[in-house]
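**Q** Output the structure for:
(2 chains)
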Amino acid sequence: DAGVIQSPRHEVTEMGQEVTLRCKPISGHNSLFWYRQTMMRGLELLIYFNNNVPIDDSGMPEDRFSAKMPNASFSTLKIQPSEPRDSAVYFCASRGSQGALGNQPQHFGDGTRLSIL
Amino acid sequence: AQSVTQPDIHITVSEGASLELRCNYSYGATPYLFWYVQSPGQGLQLLLKYFSGDTLVQGIKGFEAEFKRSQSSFNLRKPSVHWSDAAEYFCAVGASRAAGNKLTFGGGTRVLVKP
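**A** Numbers count the residues shown, from 1 in each chain, chains lettered A, B, ... in the order given. Next comes the predicted model:
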């Protein structure tokens, strides 16, 4: 089975440029999560979607960050304009339907390593 | 709000020795608990999970974890470590569906394996 697919795996760009990270969740999963991982702050949840609808974006650092999920098989995380402090590894995760117990695990992609110069 | 503490930032263990990684959580209701492993350059892979029932849960790669409600702990163990177990390990607690189903991760424990 294909897991969560993220692209690109690595991105290096100059500050001020727009950055778009992409994620394809596992087929049939109805929840999607975007995380950021840094040495200083560890793993932080940025935003998550249920059935393509953003549920909680309280972790999005500022207005320069935006996320969309136009359909069940694709999501983007955009940073515009980018800044050096945005350098991090960004992970996408997806999860199947929670059912009555609400206990399905999240499955992670391999991440996008973003470097803003 | 839920929280997770992994007291050990780094652990070094000899190959073949046993390993125990500590995890303490704070959550007001019955927690959903997870252990993930992250190898360099990779995403997080689920090792095991606990929701209810038997407090000793078995996972992949020979790992197990024990839920102790009285101690608010969910420690991960492996009887005999292999060099390939060198990685970073994350404990996470999940909120109920009513609370948004979010995962809160601990800071991670990096495991180094000596030959």
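
**Q** Can you work out which other helices and strands pack against the lowest-mean-pLDDT helix or strand in chain B?
**A** Every helix and strand of chain B was ranked by mean pLDDT, DSSP states H and E. The lowest is strand B:103-105, at a mean of 88. Applying 3 or more C-beta pairs under 8 Å, 6 or more residues apart in numbering or on different chains; DSSP states H and E, we find strand B:103-105 packed against strand A:42-50, strand B:3-5, strand B:87-94. For glycine as for every other residue, the C-beta is placed from the backbone atoms N, C-alpha and C.

**Q** Point out the most buried one among those.
**A** Of all the helices and strands packed on strand B:103-105, strand B:87-94 carries the top mean neighbour count, a mean of 24, counting by mean count of other C-beta atoms under 10 Å in any protein chain shown.

**Q** where does B:Val81 land in three-state SS?
**A** coil (DSSP: H, G, I helix; E, B strand; the rest coil).

**Q** Pretty sure it sits against B:Leu21.
**A** No. Using C-beta atoms under 8 Å, B:Val81 is not in contact with B:Leu21, being 11.0 Å away.

**Q** Tell me which of those two has more neighbours.
**A** A count of neighbours by other C-beta atoms under 10 Å in any protein chain shown puts B:Leu21 above the other of B:Val81 and B:Leu21, at 23 against 20.

**Q** beta partners for that one?
**A** Counting by DSSP bridges, B:Leu21 is bridged to B:Leu76.

**Q** Ok, the one 4 residues further on next?
**A** Applying DSSP bridges to B:Tyr25 gives these bridge partners: B:Val4.
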